[in-house]
Structures are given as structure tokens and as C-alpha cells.
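Asker: Dropping a prediction and its sequence here:
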Amino acid sequence: MRNENITLTRGQIGLWASIIGGIALLMGIIGLIWQGGLTEIVIVALVIGAIGIVLWAVMTPREFRAFVSGRQARYSTSAVFGALLLIGIVVLFYVVLQRAVIILDMTEGQRFSISDETRNILRQVTRPIQITGFYSPRALAQREVDDQFFRLYEDGSNGKITRSYIDPDEQPAMAQKFGITSDGEVFLSYLNTDSSVDFNTVSRLPRSETQERDMTEAISRLLISGTLTVYFDQSHAERDPLSADPQGLSGINNGIRESGLITYPISISDLAASGGNIPDTASAIILARPTTDFSEAEIGVIDRYLQKGGALFIMADVLYNQDAFLRYDGLFNRYLWEHFGIRALDAAVVDEASHGQTLLDIVSAAIYPENDIAKRLNEQNSPTLFKIARPVEVNTSPAENVPNGKVIMSSPQSYGETDLKTLGETETYHYDDGKDIRGPLSTVAWAYNRATGAKVLLIGDSDFATNSLVQSGGNGILFTDGLSWLTGFSDRINFAPQAYGTGSPVIFVDGQTLDVISFLTVILLPGLVFAIGLGIWIRRVRA
Amino acid sequence: MTGTWTIFRREMGQYFTSPISYIIAGALLILTGLYFNGDVAYSLTVKAINPSLIPDFMATAMIFFGPLLTMRMLAEEQREGTMELLLTSPVNDNAIVIGKFLSAWVYYSLLLAITFSYQLIVARISNPDMSHTICAYIGIWLYGGAALAIGLMFSALTENQIVAAFLSIATLTFLYLGDVAGQIVTNLDLARAIRQLSLAAHYTDSFAFGIVRAEDMAYFAGIIVIMLFIAVRVVESHRWR
């Protein structure tokens, strides 16, 4: 083995000290910025850097002096400072433009601009509203895309609407408070005077392709929240709006509340007994399957309310008791017929064409979309499903100023079974010519008094609105849109929606055309470019 | 200005007389053509063709295509010793860098213009949102300019073309992947900061959707100006190093 002496000169030590010191110093500064403070690693890097620089200055003082004060240092320092100054100017310019929100929407349908209808609604915002988005770093790209849309609302409301983003991973308690279930959820709420979220007004923003419609409707709901009140009568053993049982109505009750409406129970019997009136603030009264009929005094309470432009949502089931609600010859049924030209019939709809479990499962066969109630309903995509439905009759020659109409019809194969006693006792039915009512039968009807503004919606079923069935087909839509029509809710939030992807035409071409396109784009176009290149190469070779 | 024009003409002349430029252009057109045909076949009777299809593809392709165009520009001058000739010729450093940059950008613009012919084909068989497409093209044109400026800066830093290309690709990849910073970095603020620096984010969030944001234009213009400034300073350093 041969011993080799390793000789280190001062120059080499100085060189390596400058390299190691420089790198360590750079890493220390980056670490300092990255971690926002002095951590152990940052301190170690800075110390190594300092030692390296000192060693460099001691071992090769001439090189060090030249670096610090020489011509190279002067030029490079001015270049670095020049570059830093330029970067600073560019960043400043960028930030100013970012805050100015200057956007040009070049899409044909102006999909990233807010419509005039939305701007009208935004002008009505007086109390600060906050858009709260929950985005983890994984949903950052989605947040940035959403943010530019939310910025339009902030801008359009002159800052009355603000944006706030929360990382659910960093603030799980806040995420839990809002009840978030997935990344990228967005909520809308009023702000209190201390800029905290008013949790009584928090509503989740739906996610669909109609982004502007969803957002503007949510803002509209917030604006009208608390201004519309709906009462559930509870004096005739109606369905319970607070019950979460399958037969309860908690689903629709919660839905109404989430839409910004207030719901309260009311007892029409008590009001009748005390000579009281339904509050003037009542936007609608819901009679969700009363089991017994209304007395004259109770009808008087309802009449006084309707005379003042009230709205009545009646769900009448097939009942088998003596004093059943809306008996054909009962007082209330007669009142409805005389004043609004609609009434319930003492029968149960049996539909031979039904695809349900029994022929008493009535699926809407025909829908009349003339009225707002049925505009979103559709026989194919959103049919309604009633259980043991009651037919309702509509006077085709209604009183002047009181138009009425049918909303939903059963199939032509249906009939109205009038033998309710047998049906109730044995659950059997069969068509008796001359006795039963021949279909198709109307199961939902509306009436509107133009003079008083009173509205009545009569539905021959209440099961459709229960927790067990409200999600079936168009049942939820029927209830929601029925109530919207009665309260005027829809008039206050409806506007022409804009949607992503609207009007983008699908392409239809035959195979031959496809082949031509492939030839043009994959062979001819690149081939021409290659051919020109080849020509130039040949010319150069020959030259 | 005259100096810039002189350099620009010289560089453009090189592009149009070099078979390599045509090979690069042809290869890119094959790739974009295949991509376009793939989307047409996929969209058939199902959906509309993506209006920003080719610009979206170019956003990725520029990671490699940009350095291919710029890697030789200043590195070759240094390696072959012609940099000294250039520096002693009656053109200033700004003219050298800007002239070379403009020539690369114009060449890139011509290629983009050729790919726009696909949209004319789409217009024949469908009714696409042309203004959306034009917006995406504006975005990718600016994006390409920024990518070329970065490539040119690295070409100025070294005399080795491979090193210049490698450094450019690495930087462009970083700036491209910054768009998905949130998938990698758990700190939201840091992820946002990285994303703000990313080339792709300033294209995918706006131009690709059919909207032009002033801040994105400022970003691309800013990147171009900063990179060219650095490149000029590096070229200038040959005078005093």
C-alpha cells in the first residue's frame, strides 16, 4: 500500500468554505421564509453559512475582498437588485389587477357573468352576507375556479357579500359546526354585527350545473327568510310536522325551514272557540290530512283568513270514519265548491294501469303544466305517487274572478271506488257501473280568487308528503312548488337561470367524414410540413 | 429597434431554413392531430368538442416543446464562440435577447395558427363556441411566450444546450405541477402561494374556461419581462466577467 499525502491549500479551503457557506446561507434564508421563524434546522444552516463565510474571508482574504468590492460584485449586485426591483414592480402590478377584478367573459352564453336579474337581487342585499367555502388543499383548484365566480357576487353587491374560505383539515370544529360532509362545500349566511356567522341563517349551496341559479336563489331565500310564515293546523289530528316517523312530515317541515320560511303550529279549533283569527302574517295554512271535518265556526276562521288574501294547502285522504274531513256533503266541502269551484269526492282512485304494489298506488298519468305548481313535474321523469288517493272535482264553469284548474290526472283506466266501507274493511274493490266514478280522475286541483288574492290547493292525498314518500318521483316537487305558488315564494326568487354547458352542440358526423378529418389533420398537414423540411434539407445537401 | 429587427430576421431565417424546425413542427402537428381526432371520436353523439382542446394539450406540450425551441438560442452562440461577435456587433444586449425571443414566439405562434385549422373543421361539423376557443388560444399564446422566455433565460445561463434544456424542462415542470400544489402540500397558504406562481393555474382557471382575467395577462407578461431582463443581464455579464 502506498501512502499518499493529501494537501489542502488555503485557497482550496477558502473555495470550499465559500461554496458550503453560500449554500447553507441560502438554505437558511429559504427555510426562514418557508417556516416563518427560526427553527433548529434554520439556525444550524445559518450558523454553518456564517462559519463558511468567515472561513472564506480568513483563508482567502483577497478573493473575498474582490468578491465583495470588485467589478464583478458591482455588476452582479446591480443586476440582482435590478431583477428584484423588476420582480417587485411586476408583483405589485399583479396584486393591483387581482384586486381590481377585471374580467372579460368571452363565452358565447356569458356563462361567467351574472345576469341582470341577479344584479337586481344583489341590489336588495342590505345586511352583510358571507359565502363560506370549505376547501382543503386537495380542493384548491376547485376553490380557485369557484372563487372567481363568487367574486362576481362580491363585486355585484358592492362588498355586501363577502367570501371566506376555511380549511376543514385545519379547523375541524368549524367544519362540524357547519355540518360539512365533503370537501368543497359552500354555505351562505348572514353576518352578525360583530362579523361572526349568524348560524340561524346558514344554508348549504346546492351544487349543480346551474351555478348562477343556485347561488342567486340561495341569496333570494336568505333575503326573504323570516318574511314568510307557514302554519300547520294541529287541531284535527293532522300529520305531525315535527315527527321523523315514516308517516310524519319532518322532511317537508325541515325543507320549508331550509328555504328560509318559518313554520309554526296553529289550532283553528282554538281560534274558532275564542273568536280569534289566523295571524295576518300567515303566508299559508297547511291542513295535512285532518281526520275530522271542520265546524261552521272553524270554516268562519278560514273564510276570514281567505277573504284577506290567505292561502290554503289542503291534503285530504280517503277516510273511513263518520265525520271524515271534507265529506262530500260536509260544510267545508260545500264551502270550497261554492267559493272556489273545487271539492273532494267520497271515493278512492283505483287505477287498473297502475304499476305500483296495488291498484291503489296512483301514479300521475297526465299533468297540466299551465299552473306554476306543475311546471317542473313530468309524467316520465318526475311522476307523483299517491297512496289511496281521493278524486277531486273541478267546476268547469267557475265563478267570475275565481279561475281554477286540474293539476294531475289518473289514467283513463282508473275509476273512483265509492264503496269506501268495503274498501276500509276488506281492502277490496271492483268497478260497479253506474255507481263508481269513471276515470280519468283529477287528484290535484287549484283555485284562485282574483278579487281577494286567496289561493287554495286541494290534493286528494297526504301520504305523498310523508317522510316515507316525499322523495319518490315528483312528490317533493309537487309539495314545494305547490307551497311556492300559494305563498308567492316562487315569484320572489324565480329568474332566468344560466347554466354551464347550455347550447353546446353535440357533433354528428358519418364515418367517411371522420376518415377525411383524420387524413387532413394527422397525415396531410404534418406531411406537408415534413415535405417542406425535406425539400430544404435536399437543397442544402445539394448546395 | 433596428438591432432587434436584425436579430429577429436572422433567427427567423434559421427557423425557416433549418430542417429540424420542420421536423419539430411536423411532430407537434402529428401529436395535436391525434389528440384532436381522439376527442372527435370520443365526443361523437355524446358531447360537444372541448373548445379549449388544443390549447389544453399545448399547456402540457410546452414543457418539452418550449425548451426545444430555445435551448440552442444563446447557448449555441456561447459554445461556438459567436457570442463575442454578437457582442461586438452594432446591436445592444437587449436587441440580442428580445430579437431571439420574438423569433421563437413568432415561430410558436405560426404553429398555433396551424392548429387553429382544427377549429375550422369543427365549425364545419358542429356549432362550437368560437369565442371560447379564441380566448383559450390567447391564453396559450401568452403561456407559450412565458415558457419560451424561461427557456431563453436558461439558454443564456449555460453554453451547454442539453443543460439549458434540462433546466428549462425542470423549471417548466415545476411551474406546471404548481397547479396541483394542493395535492402535494398540506399547508393551504403555501399551496396557494405555489399555485399563484404556477403557469398552468393562470391558464386553466381562466382562459381555458373562456374568460380573460387582467391578472393572468399581467402574470404572463410579467414572467416574460422578468425572464428577458435576467437573460439580458446574463448576456451583458459576458462583457465584464
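Answerer: Received it, and whenever you're ready, just let me know what you need. Predicted, not measured: the structure shown is a model, and the values here were computed from it.
Asker: switch to C-alpha atoms for all contacts and neighbour counts from now on
Answerer: Will do.
Asker: which sections of chain B are below the confidence cut-off?
Answerer: B:45-47, B:182, B:240-241 (pLDDT under 70).
Asker: Check the stretch 301-450 of chain A too.
Answerer: Along the stretch 301-450 of chain A, segments meeting pLDDT under 70 are nowhere present.
Asker: residue of it with the smallest distance to chain B?
Answerer: Per Cα to the nearest Cα, A:Asn381 is where the stretch 301-450 of chain A lies closest to chain B, at 20.5 Å.
Asker: Does the closest residue to that residue other than its chain neighbours lie in a helix or a strand, and which?
Answerer: Among residues not flanking A:Asn381 along the chain, A:Gly473 sits closest, at 7.5 Å (Cα to Cα, 6 or more residues apart in numbering or on different chains). Using DSSP states H and E, A:Gly473 sits in no helix or strand.
Asker: what do you get for the one 5 residues further on?
Answerer: With secondary structure defined by DSSP H and E, A:Leu478 is part of helix A:475-487.
Asker: what's in contact with that helix?
Answerer: Helix A:475-487 has contacts (Cα atoms under 8 Å, 6 or more residues apart in numbering or on different chains) with A:228, A:252, A:256, A:283-284, A:311-313, A:372-374, A:376-377, A:383-385, A:455-457, A:464-465, A:469-470, A:489-491.
Asker: model confidence over it, on average?
Answerer: Averaging pLDDT along helix A:475-487 gives 88.
Asker: picking that back up, what's the neighbour count on the residue nearest to A:Asn381?
Answerer: 20 (other Cα atoms under 10 Å in any protein chain shown).
Asker: That one contacts A:Thr384, doesn't it?
Answerer: Yes: proximity of A:Gly473 to A:Thr384 meets the contact threshold set by Cα atoms under 8 Å, at 5.6 Å.
Asker: What number of residues are in the vicinity of B:Tyr143?
Answerer: Residues near B:Tyr143, counting by other Cα under 10 Å: 27.
Asker: any idea how far chain A is from it?
Answerer: Using Cα to the nearest Cα, to the nearest Å, B:Tyr143 is found at 16 Å from chain A.
Asker: Please look at that residue and B:Phe207 and confirm they touch.
Answerer: No: B:Tyr143 is beyond contact range of B:Phe207, at 10.2 Å (criterion: Cα under 8 Å).
Asker: can you map out the helices along chain B?
Answerer: Ranges of helices in chain B, per DSSP state H, are B:2-17, B:19-43, B:53-70, B:75-79, B:82-88, B:93-115, B:117-125, B:130-157, B:161-177, B:181-184, B:188-197, B:201-204, B:214-240.
Asker: The stretch 51-200 of chain A now?
Answerer: Under the criterion DSSP state H, counting those that start in this stretch, the stretch 51-200 of chain A contains helices at A:61-69, A:71-100, A:116-123, A:140-156, A:172-178.
Asker: Please work out which of those helices is packed deepest.
Answerer: When the helices of the stretch 51-200 of chain A are scored by mean count of other Cα atoms under 10 Å in any protein chain shown, the highest mean neighbour count falls to helix A:140-156 (a mean of 18).
Asker: what about that helix, average pLDDT?
Answerer: If you average the pLDDT over helix A:140-156, you get 85.
Asker: Pull the contacting residues for residue 87.
Answerer: Unless you meant another one, I'm taking chain A. Here A:Ile87 is in contact with B:Gly222, B:Ile226 (Cα under 8 Å, 6+ apart).
Asker: not quite, I wanted chain B
Answerer: For B:Leu87, the contact set (Cα under 8 Å, 6+ apart) comprises B:Asp93, B:Arg239.
Asker: residue nearest the centroid of the chain?
Answerer: I went with chain A, as the question did not name one. Centroid check for chain A by Cα atoms, centre = their mean gives A:Pro206 as the closest residue, at 1.7 Å.
Asker: my bad, the chain I had in mind was chain B
Answerer: Chain B has B:Gly144 as the residue nearest its centroid, 2.3 Å off, counting by Cα atoms, centre = their mean.
Asker: distance of it from A:Leu287?
Answerer: B:Gly144 sits 66 Å away from A:Leu287, going by Cα to Cα, to the nearest Å.
Asker: Over to B:Leu157?
Answerer: When distances are taken as Cα to Cα, B:Leu157 and A:Leu287 turn out to be 82 Å apart.
Asker: now A:Phe464
Answerer: For A:Phe464 relative to A:Leu287 (Cα to Cα), the value is 14 Å.
Asker: the more surrounded of the two?
Answerer: Taking other Cα under 10 Å, A:Phe464 and A:Leu287 do not tie; A:Phe464 has more neighbours (26 against 21).
Asker: Name the SS class of the more buried one, please.
Answerer: Assigned by DSSP: H, G, I helix; E, B strand; the rest coil, the conformation of A:Phe464 is helix.
Asker: Verify the contact between it and A:Phe386 for me.
Answerer: Yes: A:Phe464 is within contact range of A:Phe386, at 5.5 Å (criterion: Cα under 8 Å).
Asker: residues touching A:Leu249, list them.
Answerer: By Cα under 8 Å, 6+ apart, A:Leu249 lies in contact with A:Arg239, A:Asp240, A:Pro241, A:Leu242, A:Ser243, A:Ala465, A:Thr466, A:Asn467.
Asker: what's the nearest residue to A:Thr227 if we skip its chain neighbours?
Answerer: Closest residue to A:Thr227 apart from its sequence neighbours, by Cα to Cα, 6+ apart: A:Leu261 at 7.1 Å.
Asker: And the pLDDT at the one you found?
Answerer: A:Leu261 carries a pLDDT value of 78.
Asker: just A:Leu249 next, same as before
Answerer: A:Leu249 carries a pLDDT value of 92.
Asker: measure it to chain B for me?
Answerer: Noted for A:Leu249: a distance of 41 Å to chain B, by Cα to the nearest Cα.
Asker: Phi first, then psi, for that residue.
Answerer: Dihedral angles of A:Leu249 (phi, psi; degrees, to the nearest 10) stand at phi -120, psi 20.
Asker: same deal with A:Thr443?
Answerer: A:Thr443 adopts backbone torsions of phi -120, psi -10, taken as degrees, to the nearest 10.
Asker: so what's the spatially closest residue to it that is not a sequence neighbour up against?
Answerer: Spatially, and ignoring its direct neighbours in sequence, A:Thr443 is nearest to A:Pro391 (4.8 Å; Cα to Cα, 6+ apart). The contact partners of A:Pro391, taken as Cα under 8 Å, 6+ apart, are A:Ala344, A:Leu345, A:Asp346, A:Ala347, A:Ala348, A:Val349, A:Gly416, A:Leu441, A:Ser442, A:Thr443, A:Val444, A:Gly460.
Asker: Now do the same for A:Arg207: helix, strand or coil?
Answerer: Classified using three-state DSSP, A:Arg207 is coil.
Asker: Settle this for me: it is touching A:Met215, isn't it.
Answerer: No: look at A:Arg207 against A:Met215 with Cα under 8 Å: they stay out of range, at 9.2 Å.
Asker: Other residues contacting stretch A:442-456?
Answerer: Counting by Cα under 8 Å, 6+ apart, A:306-314, A:340-342, A:389-394, A:401-410, A:457-461, A:486 sit against stretch A:442-456.
Asker: distance between the ends of it?
Answerer: End-to-end distance for stretch A:442-456, by Cα to Cα: 15 Å.
Asker: now swap in stretch B:177-184 and tell me
Answerer: End to end - Cα to Cα - stretch B:177-184 spans 10 Å.
Asker: can you tell if it touches chain A?
Answerer: Yes: with Cα under 8 Å from any Cα of the partner chain as the criterion, chain A is reached by stretch B:177-184 at B:Asp179, B:Val180, B:Ala181, B:Gly182, B:Gln183.
Asker: Columns distance to A:Arg334 and neighbour count on top of those, output as TSV?
Answerer: Converted to TSV, the residues of stretch B:177-184 next to chain A look like this (distance: Cα to Cα, whole Å; neighbours: other Cα atoms under 10 Å in any protein chain shown):
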residue	distance to A:Arg334	neighbour count
B:Asp179	69	25
B:Val180	68	22
B:Ala181	70	26
B:Gly182	67	23
B:Gln183	68	16
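Asker: Find the pair from these with maximum spatial separation.
Answerer: The largest separation in the residues of stretch B:177-184 next to chain A, counting by Cα to Cα, is between B:Asp179 and B:Gln183 at 9.2 Å.
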